[in-house]
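[1] I'll drop the sequence and a predicted model, then ask my questions.
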Amino acid sequence: MSAAARPHDHVSPPAAPAAALPSPSRPAAALLRWFWRAVPTAAVVTALAGLALWGHFADWKMPKFSTLIGKQSETAEDWCQEHNVPEATCIECNVTLLPAAKDYGWCKQHGVFLCPLEHPDVAQLKATPVITQAMLDRASRALAVKPRAENNSLCRLHMRRVQFASTDAVDKAGVDIAVVQERPIVEAATANGEVVYDGNRMAHLSSRVGGTVWQVERQVGDRVRKGECLALVDASDVGKAKAELLQSIAQVRLKQATFDRVQKLADGTIPLRQLREADTALQEAKIRQQSAQQSLANLGLRVNAEDFAALDTTEIARRIHFLGLPDDVAKHLDINSTTSNLFPIRSPLDGVIIERHVVAGEVVDASTLLFGVADISQMWLTLNVREDDARYVAVGQPVLFRPNSSGDELEIRGAVAWISTSADDKTRTVKVRVELPNNDARLRANTFGTGRIVLREEPKAVVVPGEAVHWDGTCHVVFVRDKNYHNPDSPKFFHVRSVRPGVKEADSTEIIAGLLPGEVIASKNSVVLEAQLLKSNLGTGCGCADGH
């Protein structure tokens, strides 16, 4: 490649006109901009270097952790550097000052060391508590619902104690305390879902026969009762079926009268053949009458000709003319000016009209949707449950549902009615259907919300602040204040207690085993105790047996 074609060669800009003022070159301008940007940084670095130099000559040092937690005037020789308390009062170094409590070891049933449920004397309470069957059942229920976080059976942190020089040292470190409490909790699988009409309490109505809409009786939003007329359809097939029934009734009456007359003369006056013919004709008339009744029954117009036995032909014709029409509608109609073709569209259930797709004069057939009616006293909630949670869901479990639009309203309680046998191929969630009561009509179809499928409801769960529970990589621990903490001559220390955590709700954590109600624990800034515990373990492994 020629020198003129090399792309990285520098090409000088054209010379400025003689009248123009001189300007710095581009490299010089870039260097100037870099200099001005670097000035603040250089100033800060220079100041820090000067501060460090001054500290070196002034013998300035950062305060040690021991100072923060209570070291006052003791010399280095009098101070236990490992446990940050005076050497003379260190209960960890001088076991004779306060011998360690009896080590009951590992509780296989509850997965903790020094289990208070099995050995209540380990609880840091003034009096030894009584462990009731209800307390044991509570722990058993919590462990049976689903797998829980586990502790390493080789962990030895429960044998440790974290001591402070004084109560003032605890306050100075900012450590706050909390009392182990009992309160209700709900363990649940949470999922988003949509509210829809109950498919077993909803109907889409159409006409069983084709015709023209003669009259519409109800509007969207109207409450209706089962069997109430919503509209009338003028259908010629209905009129034909009514006429056939009326004719068959007349034929049966005629054939019956003939048979009765012939039967009286069947003692030899007339041939037996005529009696059999009269009987056959009567049976054929009755069959046609039964067929006419069935035709009307197929349209939803049930009638029994035997009910007309005591009526004359005129009254029978009037009743069949208005067959199927509500009494409040029929009483306003004139038999001479009103067609017998009218067919009622009736509600099959109590509910609310949610859809209407018809007006008077519209031609309809059996495929035309006319009305939608739904009983909104109960709704369906369809939840999309994660596969990991679906394994714990069963039919009949309670569900607490909160609509997105409810704000702080109470949750609506329902029950699981159906669980899909497959997962969605896109979302990998399992659909769960819940039946929700809606007597107050708060729920609306096609709205969304959050449902909690209740796996366990515990009225008296043992609960502590979430920040009080610590995990060191091998086990979960809580720092329990010694029951003699406020005695003037007693050392100020916290026991390291192995615990089995359960449900986490907001800022609280359930303790399945390891603590009892009334015990005092370190909560806010309890990381100070954790830091001291980890510092003491340096060089001795992680607190596990044999350095594991």
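    On my side now, so go ahead.
[2] thought A417 was touching E435?
    Yes: contact criterion Cβ atoms under 8 Å: A417 and E435 qualify, at 4.7 Å. For the C-beta atoms, the positions are set from N, CA and C on the backbone; glycine is no exception.
[3] Mutual contacts of the two, please.
    W380 (Cβ atoms under 8 Å, 6 or more residues apart in numbering).
[4] least trustworthy helix or strand in the protein by mean pLDDT?
    The helix or strand of the chain with the lowest confidence, counting by mean pLDDT, DSSP states H and E, is helix 65-68 at a mean of 48.
[5] next SSE after that helix?
    Past helix 65-68, heading to the C-terminal end, the next element that is a helix or strand (DSSP states H and E) is strand 79-80.
[6] Which elements pack onto the helix or strand that that next one is followed by?
    Counting by DSSP H and E, the next helix or strand C-terminal to strand 79-80 is strand 85-86. Strand 85-86 is packed against strand 79-80, with contacts defined by 3 or more Cβ pairs under 8 Å, 6 or more residues apart in numbering; DSSP states H and E.
[7] chain center to the strand it packs on, what's the gap?
    54 Å (Cα atoms, centre = their mean, to the nearest Å).
[8] ok, the lengthiest strand in the chain: who's next to it in the sheet?
    Identified as the longest strand of the chain according to DSSP state E is strand 447-465. In its sheet, strand 447-465 lies beside strand 181-197 (antiparallel), strand 398-403 (antiparallel), strand 508-513 (antiparallel), with partners assigned from DSSP bridges.
[9] residues of the longest one that come out buried?
    If I follow you right, that is strand 181-197. Residues 182, 185-189, 191, 193, 195-197 are the ones in strand 181-197 that count as buried (16 or more other Cβ atoms under 10 Å).
[10] Which of the strands paired with strand 447-465 sits closest to N94?
    strand 508-513 (31.8 Å; Cβ to Cβ).
[11] what about the strands in the stretch 351-500 of the chain?
    For the stretch 351-500 of the chain, the strands defined by DSSP state E, counting those that start in this stretch occupy 351-356, 363-364, 371-374, 378-386, 398-403, 412-423, 429-437, 447-465, 470-471, 476-481, 492-498, 500-505.
[12] for these, which one sits closest to L516?
    For the strands of the stretch 351-500 of the chain, proximity to L516 was assessed by Cβ to Cβ; strand 447-465 is nearest, at 7.2 Å.
[13] for that closest one, which positions count as buried?
    Result for strand 447-465 [16+ other Cβ under 10 Å]: buried residues 449-456, 458, 461-465.
[14] Any chance of JSON lines for those, columns pLDDT and distance to V95?
    Output for the buried residues of strand 447-465, formatted as JSON lines (pLDDT from 0 to 100; distance: Cβ to Cβ, whole Å):
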{"residue": "G449", "pLDDT": "95", "distance to V95": "59"}
{"residue": "T450", "pLDDT": "95", "distance to V95": "54"}
{"residue": "G451", "pLDDT": "96", "distance to V95": "55"}
{"residue": "R452", "pLDDT": "96", "distance to V95": "50"}
{"residue": "I453", "pLDDT": "97", "distance to V95": "51"}
{"residue": "V454", "pLDDT": "97", "distance to V95": "49"}
{"residue": "L455", "pLDDT": "96", "distance to V95": "45"}
{"residue": "R456", "pLDDT": "96", "distance to V95": "43"}
{"residue": "E458", "pLDDT": "95", "distance to V95": "40"}
{"residue": "A461", "pLDDT": "97", "distance to V95": "37"}
{"residue": "V462", "pLDDT": "97", "distance to V95": "31"}
{"residue": "V463", "pLDDT": "98", "distance to V95": "34"}
{"residue": "V464", "pLDDT": "98", "distance to V95": "29"}
{"residue": "P465", "pLDDT": "97", "distance to V95": "32"}
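[15] hang on, Q181 packs against E519?
    No: if you go by Cβ under 8 Å, Q181 and E519 don't touch, sitting 10.0 Å apart.
[16] Pop out the phi and psi values for V162.
    Dihedral pair for V162: phi -110, psi 120, per degrees, to the nearest 10.
[17] How about V213?
    phi -70, psi 120.
[18] Skip the chain neighbours and tell me the closest residue to it.
    E362 (4.8 Å; Cβ to Cβ, 6 or more residues apart in numbering).
[19] my guess is that neighbour meets T212, correct?
    Yes: in this structure E362 lies within contact range of T212 using Cβ under 8 Å: 7.2 Å.
[20] which SS class is Q294?
    The three-state label given to Q294 by DSSP: H, G, I helix; E, B strand; the rest coil is helix.
[21] Just the local confidence number for Q163, please.
    pLDDT recorded at Q163 is 93.
[22] which one of the strands of the stretch 351-500 of the chain lies closest to Q263?
    Checking the strands of the stretch 351-500 of the chain against Q263 by Cβ to Cβ gives strand 363-364 as the closest, at 50.1 Å.
[23] Paired strands for the closest one, with orientation please.
    strand 211-216 (antiparallel).
[24] Distance from the strand it pairs with to the middle of the chain?
    46 Å.
[25] does the residue of the chain most remote from its centre sit in a helix or strand, and which one?
    In the chain, the residue that sits farthest from the middle, by Cα atoms, centre = their mean, is T269; the gap is 88.0 Å. In this structure, T269 sits in neither a helix nor a strand according to DSSP H and E.
[26] Just list the residues touching it, thanks.
    Residues near T269 by Cβ under 8 Å, 6+ apart: none.
[27] can you pull the contacts of N298?
    The neighbours of N298, taking Cβ under 8 Å, 6+ apart as the test, are R208.
[28] any chance of the buried residues of strand 447-465 in JSON lines, with distance to A123 too?
    Conversion of those to JSON lines gives the following (distance: Cβ to Cβ, whole Å):
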{"residue": "G449", "distance to A123": "42"}
{"residue": "T450", "distance to A123": "38"}
{"residue": "G451", "distance to A123": "38"}
{"residue": "R452", "distance to A123": "33"}
{"residue": "I453", "distance to A123": "34"}
{"residue": "V454", "distance to A123": "30"}
{"residue": "L455", "distance to A123": "28"}
{"residue": "R456", "distance to A123": "24"}
{"residue": "E458", "distance to A123": "20"}
{"residue": "A461", "distance to A123": "17"}
{"residue": "V462", "distance to A123": "12"}
{"residue": "V463", "distance to A123": "16"}
{"residue": "V464", "distance to A123": "14"}
{"residue": "P465", "distance to A123": "19"}
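[29] This structure - how does it break down into domains?
    80-184+466-543, 189-200+374-457, 236-340 (automatic domain parsing).
[30] Of all those domains, which one is nearest L349?
    domain 189-200+374-457 (5.5 Å).
[31] Between the two ends of the closest one, how far is it?
    One end of domain 189-200+374-457 sits 12 Å from the other (Cα to Cα, to the nearest Å).
[32] Now do stretch 162-180: distance to the chain's middle.
    40 Å.
[33] Mind listing what's buried along that stretch?
    Of all the residues in stretch 162-180, those buried under the rule 16+ other Cβ under 10 Å are 162-166, 169-170, 173, 175, 177-178, 180.
[34] same question, stretch 96-103
    For stretch 96-103, burial by neighbour count (16+ other Cβ under 10 Å) applies to L98.
[35] first vs last residue of it, how far apart are they?
    17 Å.
[36] again with stretch 228-247
    Start-to-end, stretch 228-247 (Cα to Cα) is 29 Å.
[37] so where's the stretch 1-150 of the chain uncertain?
    Applying pLDDT under 70 to the stretch 1-150 of the chain picks out residues 1-45, 47-77.
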